[in-house]
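Engineer: A structural model of the following input is requested.
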Amino acid sequence: MSKSMLFLLALLLFPFVAGVVSIQVVDEGSVVVAELDNPAHYTFTINAGGEDTLELYSLVGVTFSPRGSFDVTDGTQDIDVLAFTNRDIRKRDGIFSFEYFITSRRSPIQSATLQLRIASLKDTLEVFPVNMRYLDDSLTFTLKNNQNARFEDLSATFSSPFFTQQKTISLVPFGTTTVTIPISVEERSKLAAGAYVVDIEVAQPQAGKGTIHGTLHYLEQQGTSVSESSEGFIIRENKIEKTNAGNVVVADTITIQKDIISRLFTAANPAPTDVKRSGLSVTYVWQEQLQPGESWSVMTTTNYTLPLLILLLVVVISFLVHVYTSTAVVVRKQVSYVKTKGGQFALKVRIFVRSKHHVDGVQVIDRLPGMAKLYEQFGLRPDRIESATRRLFWDVGTLQAGEERVFSYIMYSDVNPIGRFELPSATTVFEHKGKTHEVMSNRAYFLADTMKSE
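Structural biologist: As a prediction, this is how the structure comes out:
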């Protein structure tokens, strides 16, 4: 056969050979986000008419996956194809059409046209606003894909004054996904209610990244917590502490009420901003502006030392008055120094007995110190003297109400005392309202130094 006939036969068979590989393309997400460098997704339905080895490529800055040659079997089969664009292509905005080629081990090179679309990240991903209440411990964000783009294992970092959290998300074309973020209670308590921006940095693995922004509405919540403590008894310390447990600025008030007496012994730190008096009570008022999470306190100290001393003094005086007024006979003893010609030590003793009521059987008893003797030529001689006990007895008998008797005598000693010379108490025994009573006098004393000065 001549060469011209073979060439003619090849021309006749070419259409049949070239049409052996048939391809149908389904768009699975052909939008490429400029910042992320995500691939366009296609499904190629290929019928090669038998076992074959194929390869896809482009000459305009687009690469394919599968990369290089791949085998196909006899019949129809689906191949997932990813188209990656270079940086220059991603600088465009809108539709990008390009020609691609397919080579076959059994067939000549074929070509066709594909389309993809370049879009910005802000036009692709949308974050819905979210509301947060004061007691919420987590938030759920909803992200929507507004384009025919497919994302696998995107890294999304959520940042706001309340949290920083990294999540992994995937999105189908025009699909939505939700992400739950835990909230730090400590950070939440320090922030005021209002609108906050949430920054979401989105990154494609081993490719580009970009940032979108959402809005977090922190709803208002008012409230304060109060703690009070007291300690001490005589010196009483009372502390009131209040904390802004909400998320808005509050004008807080602390009030303490005192009666007209205790307020005289009360000190406050800090000083009150206002003092209100009403009748026998006084109200102290403190005011403070509190930021969320901020605390303040008021300390009051009431010192009861002085009023207790005054009360004790009143009780003692009342007791003494009661004893004095309830005693029918009052006895008082008094001594004074007496000069003698012989230089002996001598004291004049006087015993005052006064009756506040009518009493009978009155007897006054006194006792001489061991070294002293009675000078019998002075005063009213005792009715009886006990030598063994050195006691002196005066039998008075009856005393009328208001009547007072004075019994005096002189005692002396050849020995001069040094320092304080103390005499025992005198005793008065009497009958009042059918009962026998006994009353003691004070213990009189004399200082020997005053004798020398005289």
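Engineer: residue 311 should be in a strand, yeah?
Structural biologist: No: the assignment for residue 311, made by DSSP: H, G, I helix; E, B strand; the rest coil, is helix rather than a strand.
Engineer: what about it, how many neighbours?
Structural biologist: Using other CB atoms under 10 Å as the criterion, residue 311 is surrounded by 11 other residues. C-beta coordinates here come from the backbone N, C-alpha and C atoms, glycine included.
Engineer: show me what stretch 281-298 is in contact with.
Structural biologist: Under the criterion CB atoms under 8 Å, 6 or more residues apart in numbering, residues 189-192, 224, 239-244, 246-260, 263, 268-270, 272-277, 300 lie in contact with stretch 281-298.
Engineer: so which of these sit within strands?
Structural biologist: 224, 239-244, 250-259, 268-269, 274-277, 300 (DSSP state E).
Engineer: from the contacts of stretch 281-298, which would you call buried?
Structural biologist: Neighbour-count burial (16 or more other CB atoms under 10 Å) is assigned, among the contacts of stretch 281-298, to 189, 191, 240, 242-244, 246-248, 250, 252, 254, 256, 258, 263, 268, 272, 300.
Engineer: so where is the chain shaky, pLDDT-wise?
Structural biologist: Applying pLDDT under 70 to the chain flags the ranges 1-20, 323-326, 448-454.
Engineer: how's it carved up into domains?
Structural biologist: According to automatic domain parsing, the chain comprises the domains 17-119, 125-218, 224-306, 327-453.
Engineer: so how far is the second one off the chain centroid?
Structural biologist: Its chain's average C-alpha position is 31 Å from that of domain 125-218, according to CA atoms, centre = their mean, to the nearest Å.
Engineer: for that domain, measure first residue to last.
Structural biologist: Taking CA to CA, to the nearest Å, domain 125-218 runs 23 Å from one end to the other.
Engineer: equivalent analysis for the shortest one, please.
Structural biologist: Length of domain 224-306, first residue to last, CA to CA: 37 Å.
Engineer: and stretch 178-189, by the same measure?
Structural biologist: Using CA to CA, the two ends of stretch 178-189 sit 25 Å apart.
Engineer: all helices of the stretch 201-350 of the chain, in order?
Structural biologist: 305-326 (DSSP state H, counting those that start in this stretch).
Engineer: what is the burial count for residue 366?
Structural biologist: When neighbours are counted by other CB under 10 Å, residue 366 registers 24.
Engineer: and what of residue 194?
Structural biologist: Neighbours around residue 194, by other CB under 10 Å: 12.
Engineer: that one against residue 216, yeah?
Structural biologist: No: counting by CB atoms under 8 Å, residue 194 stays clear of residue 216, with 9.4 Å between them.
Engineer: who's in contact with stretch 189-203?
Structural biologist: Contacts of stretch 189-203 (CB under 8 Å, 6+ apart): 36, 121, 125, 127, 141, 143, 154-162, 209-221, 245, 247-249, 291-293.
Engineer: which of these fall in strands?
Structural biologist: In this view, the contacts of stretch 189-203 that belong to strands under DSSP E are 125, 127, 141, 143, 154-160, 209-218.
Engineer: filter those residues to the buried ones?
Structural biologist: Applying 16+ other CB under 10 Å to the ones in strands among the contacts of stretch 189-203, the neighbour count classes 125, 127, 141, 143, 154, 156, 158, 160, 210, 212, 214, 216, 218 as buried.
Engineer: run the chain-centre distance for stretch 384-401.
Structural biologist: Taking CA atoms, centre = their mean, the mean C-alpha location of stretch 384-401 is offset from the chain mean by 78 Å.
Engineer: and stretch 32-44, by the same measure?
Structural biologist: When distances are taken as CA atoms, centre = their mean, stretch 32-44 is centred 53 Å away from the chain's centroid.
Engineer: dump it to PDB, restricted to CA.
Structural biologist: Below are the C-alpha coordinates for stretch 32-44, written out as PDB (Å, rounded to 0.1, in the frame of the first residue of the first chain):
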ATOM      1  CA  VAL A  32     -11.500  30.100  44.900                       C
ATOM      2  CA  VAL A  33     -11.000  32.500  47.900                       C
ATOM      3  CA  ALA A  34      -8.200  34.900  47.100                       C
ATOM      4  CA  GLU A  35      -6.800  34.900  50.600                       C
ATOM      5  CA  LEU A  36      -7.000  31.200  51.200                       C
ATOM      6  CA  ASP A  37      -5.700  29.500  48.000                       C
ATOM      7  CA  ASN A  38      -8.300  26.800  48.300                       C
ATOM      8  CA  PRO A  39      -8.700  24.600  45.200                       C
ATOM      9  CA  ALA A  40     -11.700  24.400  42.900                       C
ATOM     10  CA  HIS A  41     -13.400  21.000  43.200                       C
ATOM     11  CA  TYR A  42     -14.800  19.100  40.200                       C
ATOM     12  CA  THR A  43     -15.900  15.500  39.500                       C
ATOM     13  CA  PHE A  44     -14.700  14.200  36.100                       C
END
